[in-house]
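Trainee: Just to be clear, the model below is a prediction. Sequence and coordinates:
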Amino acid sequence: QVQLVESGGGLVQAGGSLRLSCAASGRTFTFSMYAMGWFRRAPEKEREFVAGINWTGTSTYYADSVKGRFTISRDNAKNTVYLQMNSLKPEDTAVYYCAAKPDYGLAFQKDYNYWGQGTQVTVSS
């Protein structure tokens, strides 16, 4: 069983910043063997990919909508993945989810096995 717990969401004004964290745990879960991703779901919209990172942290991938503003990183010693969000826009308002999958070097945007419960990010104009 793998548990992913997001934190760090909240209300921020446009142009502001937030840092989301996702703590991973599990009795037989080896965090450093998993690729991690961040996704989001805005009201009345489909869930969309935001960012992904490989098991070593040496490879990352971003959706075009957040490229240059968001940074994904990880600390394998802490079993935690982060999403630094800068220059936030009202259209970034969504519930943000982290996800994990064994890292086989495949596309970051899909096929995740484990999901967190999400954390709300609201950006006011």
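Mentor: Received the coordinates, thanks. Residues are numbered from 1 along each chain as shown.
Trainee: ok, and for the helix or strand harbouring C98, which residues are buried?
Mentor: Applying DSSP states H and E as the criterion places C98 in strand 94-102. Residues A94, V95, Y96, Y97, C98, A99, A100, K101 are the ones in strand 94-102 that count as buried (16 or more other C-beta atoms under 10 Å). Where you see a C-beta, it was placed from the backbone N, CA and C, and this is true even at glycine.
Trainee: if I look at the first one, how far off is T58?
Mentor: So that's A94. Here A94 is placed at a distance of 27 Å from T58 (C-beta to C-beta, to the nearest Å).
Trainee: Quick check: can you name the pairing partners of the strand holding C98 and their directions?
Mentor: Sheet pairing of strand 94-102 (DSSP bridges) gives strand 34-41 (antiparallel), strand 114-115 (antiparallel), strand 119-124 (antiparallel).
Trainee: what's that strand in contact with?
Mentor: Contact partners of strand 94-102, identified using C-beta atoms under 8 Å, 6 or more residues apart in numbering, comprise 2, 4, 6, 9, 20, 22, 24, 31, 33-43, 45, 47, 50, 81, 83, 111-121.
Trainee: looking only at pLDDT, what's the mean for that strand?
Mentor: Computed over strand 94-102, the mean pLDDT rounds to 97.
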